[in-house]
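# Quick one, fold the following:
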Amino acid sequence: MNSRIKQLLDKYWEAETSLEEEAELKSLLQKAEGFESEKQLFGILDSYIYEETKIKMPKKAAKVRKIAWLNWAASVAILIGSFVGWRAYERHQQEQAYKEVVAALSLIQENWSKGQQEMNKMSDLKYLSAPTDLFEMKEK
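So this is what the prediction gives:
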């Protein structure tokens, strides 16, 4: 039994054991007398494995919750961003339409002014009938 333990320990320290051989080594060490340092090592390794398993499990659950929370937060951020972007787009469209209407009205006003100036020139023609009134010409 001691020779088998020594053989398995040699293989273990050279990292050549399989999982079955490591399990056999642990069971042999629990039954055998002596090999106290190896027993302590395997006891510490078992406690580390237990602690590692105990610590890792809550982290996975918390990570899933964080990821789910981040998905919701990202969805809300996209919705808010879309709403704000749409409102800005509509406001821009309204401003653009307002500018086009102002430009059209400005063009109408400019052409109206030109027409009024031309009509002012025509108002001088109303005095063309004045000479006949002044001289009282009678037509025969």
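# Please, where are all the strands along this protein?
Ranges of strands within the chain: none, based on DSSP state E.
# Report the helix or strand with the lowest average pLDDT across this protein.
The weakest-scoring helix or strand in the chain, judged by mean pLDDT, DSSP states H and E, is helix 130-135 (a mean of 60).
# where does this structure dip in pLDDT?
Low-confidence segments of the chain (pLDDT under 70): 1-2, 25, 29-37, 39-66, 124-140.
# what about 80?
1-10, 12-17, 19, 21-68, 120-140 (pLDDT under 80).
# now the helices for it?
Using DSSP state H, the helices found in the chain span residues 2-13, 19-31, 36-123, 130-135.
# Residue 38 contacts residue 6, correct?
No: at 10.1 Å, residue 38 and residue 6 do not qualify as touching, with contact defined as C-beta atoms under 8 Å. (Glycine included, C-beta is placed from N, CA and C.)
# Give me the common contacts of the two.
Common neighbours of residue 38 and residue 6, using C-beta atoms under 8 Å, 6 or more residues apart in numbering, do not exist here.
# What does residue 15 show for phi and psi?
For residue 15, the backbone dihedrals (degrees, to the nearest 10) come out as phi 60, psi 40.
# can you offset everything so residue one is 355?
I'll keep to 355 as the first residue from here, and by that count the last item is residue 369.
# Give me the buried positions along stretch 461-471.
Buried residues in stretch 461-471, defined by neighbour count with 16 or more other C-beta atoms under 10 Å: none.
# so how many other residues sit close to residue 363?
Here the number of neighbours of residue 363 (other C-beta atoms under 10 Å) works out to 16.
# one step back: among residue 392 and residue 360, which residue is more densely surrounded?
Relative neighbour count places residue 392 above the other of residue 392 and residue 360, with 17 against 11, counting by other C-beta under 10 Å.
# Distance-wise, check the more buried one relative to residue 365.
Remark: distance between residue 392 and residue 365 (C-beta to C-beta, to the nearest Å) = 13 Å.
# What of residue 466?
Residue 466 is 106 Å from residue 365, by C-beta to C-beta.
# Equivalent analysis for residue 443, please.
According to C-beta to C-beta, residue 443 stands 72 Å off from residue 365.
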